[in-house]
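Undergrad: Take this sequence and fold it.
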Amino acid sequence: MRITVLGSAAGGGFPQWNCNCPNCAGVRNGTVRAKPRTQSSIFVRPDEGDDGVLFNASPDILEQIRSSPVLQPARAMRDTAIAGVVLIDGQVDHATGLFMLRERGTPLPLWCTDPVAEDLSEGNPVLRVLSHYCGVARHPITLDGSSFEVPGVSGLVFRALALTGKAAPYSPHREQQVPGDNIGVTILDRRSGRSLFYAPGLGAITPPVFDTMASADAVMVDGTFWTDDEMVRLGVSSKRAREIGHLPQSGEGGMIEWLSKLPATTARRMLIHINNTNPILDEDSDEHAALRRAGIEPCEDGMTIQL
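TA: Predicted coordinates:
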């Protein structure tokens, strides 16, 4: 299978429109060596065939489609390679782009959990608004260990796992998480037998989560923050990383420590959903160098992974 990283930044993108932290200011004025990034999303397709699955629909989806020709195969007057959309959660930076996909002649095929469907019908009624346009053909994602497939995308199988995280601010579960607010997905290519575990929002690594990561050939996981107090120290927020559902990379029990425990069979260890404040974005930083020494890759927009 082929995985295209459409966007690799956290909500707000990089540089963020109103931010003048060292990273954002530096990339604008050319004093920081870093690549701009759009908000996180990936597109996964089999080795044979044009059509695939969009994971999360970011507010930057139109820019991402323009930048990624694989999403527009141009086989007809109106065409798309997006056979279906899978939502990891109901956050603004993962669901707002659904509005941009409304110019369809048929309902948009959408896979999400029941809690996410509730959030996007009540708190942020994206699904109700779309009913006035193309409509949505919603398929529930269950958390019982069963797998699902997306019609038109042959050979790829998907299995969801409930994760520790944080529901969207408009969710009734914001302060008391329920299973399905946030998920990770294992994507298996039946032909090659190879798999990717994708979890852009990961607040804690429990034994089932680690076992799932360890069984995958590649992992693409939460790269939001370097330290737990990153935004507090910069004065841009009063909340710490773990409070808002993101496991920081550094420190005891951080993501780097967990990724270093994965077996040698894990061919790629990647971070996605990188916040604009994270020093790993600066390619000359000590933090970026530490990641590279650990064999961990920060995702970039446009990169393609072949598994």
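Undergrad: rest of the way, CA atoms for contacts and neighbours
TA: Noted.
Undergrad: Would you map the strands across the chain?
TA: Assigned by DSSP state E, the chain shows strands spanning 2-7, 41-45, 52-55, 82-86, 108-112, 136-140, 147-148, 156-162, 183-189, 195-199, 218-222, 268-272, 297-298, 304-306.
Undergrad: Mean neighbour count, mean pLDDT and distance to S171 for those strands - can I get that in TSV?
TA: Listed next are these as TSV, based on neighbours: other Cα atoms under 10 Å; pLDDT from 0 to 100; distance: least, Cα to Cα, whole Å:
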stretch	mean neighbour count	mean pLDDT	distance to S171
strand 2-7	24	98	24
strand 41-45	24	98	21
strand 52-55	24	98	20
strand 82-86	21	98	19
strand 108-112	22	98	15
strand 136-140	16	98	18
strand 147-148	16	98	26
strand 156-162	21	98	17
strand 183-189	23	98	15
strand 195-199	25	98	20
strand 218-222	24	98	21
strand 268-272	23	98	24
strand 297-298	19	98	30
strand 304-306	13	97	33
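Undergrad: and of these, who's closest to Y170?
TA: strand 108-112 (16.9 Å; Cα to Cα).
Undergrad: My read is that M231 contacts R240, right?
TA: Yes: M231 lies in contact with R240 (Cα atoms under 8 Å); the separation is 6.9 Å.
Undergrad: Could I get the contacting residues of the residue nearest the centre of the chain?
TA: For the chain, the residue nearest the mean C-alpha position is P200 (4.1 Å; Cα atoms, centre = their mean). Residues counted as contacts of P200 (Cα atoms under 8 Å, 6 or more residues apart in numbering) are S40, G184, M220, V221, D222, G223, L271, I272, H273.
Undergrad: Report the buried residues of the helix or strand of the chain with the lowest mean pLDDT.
TA: Least confident helix or strand of the chain, by mean pLDDT, DSSP states H and E, is helix 230-234 with a mean of 93. Of all the residues in helix 230-234, those buried under the rule 16 or more other Cα atoms under 10 Å are E230, M231.
Undergrad: what are the C-alpha coordinates of it, in PDB please?
TA: Taking C-alpha atoms only, helix 230-234 is exported to PDB below (Å, rounded to 0.1, in the frame of the first residue of the first chain):
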ATOM      1  CA  GLU A 230       5.600  23.500  26.100                       C
ATOM      2  CA  MET A 231       2.700  25.900  25.600                       C
ATOM      3  CA  VAL A 232       2.700  27.000  29.200                       C
ATOM      4  CA  ARG A 233       6.400  28.000  29.100                       C
ATOM      5  CA  LEU A 234       5.800  29.900  25.900                       C
END
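Undergrad: residue contacts, V136?
TA: P107, L108, P109, L110, L127, L130.
Undergrad: Tell me the one among these nearest to A289.
TA: Distances from A289 to the contacts of V136, taken by Cα to Cα, are shortest for L110, at 38.7 Å.
Undergrad: Could you list everything the closest one pairs with in the sheet?
TA: Beta-bridge pairing for L110 (DSSP bridges): V85, R138.
Undergrad: measure it to L101 for me?
TA: 11 Å (Cα to Cα, to the nearest Å).
Undergrad: and if you look at N20?
TA: 32 Å.
Undergrad: And G12, by the same measure?
TA: 20 Å.
Undergrad: and the two? which has more neighbours close in?
TA: Neighbour count, other Cα atoms under 10 Å: between G12 and L101, G12 has more, with 20 against 17.
Undergrad: Leaving out sequence neighbours, find the closest residue to the more buried one.
TA: Q39 (6.7 Å; Cα to Cα, 6 or more residues apart in numbering).
Undergrad: my guess is the one you found meets Q16, correct?
TA: No: in this structure Q39 lies outside contact range of Q16 using Cα under 8 Å: 10.0 Å.
Undergrad: Compare neighbour counts for those two and give me the winner.
TA: Q39 (27 against 21).
Undergrad: And the more buried one, how far from N56?
TA: In terms of Cα to Cα, Q39 sits 10 Å off from N56.
Undergrad: Over to M303?
TA: 17 Å.
Undergrad: How about M231?
TA: For M231, the distance to N56 - Cα to Cα - is 25 Å.
Undergrad: Measure how far stretch 34-45 is from the centre of its chain, please.
TA: 8 Å (Cα atoms, centre = their mean, to the nearest Å).
Undergrad: change the start of the numbering to 391 and stick with it
TA: Okay, residue one is now 391; in that scheme the one you just asked about reads as stretch 424-435.
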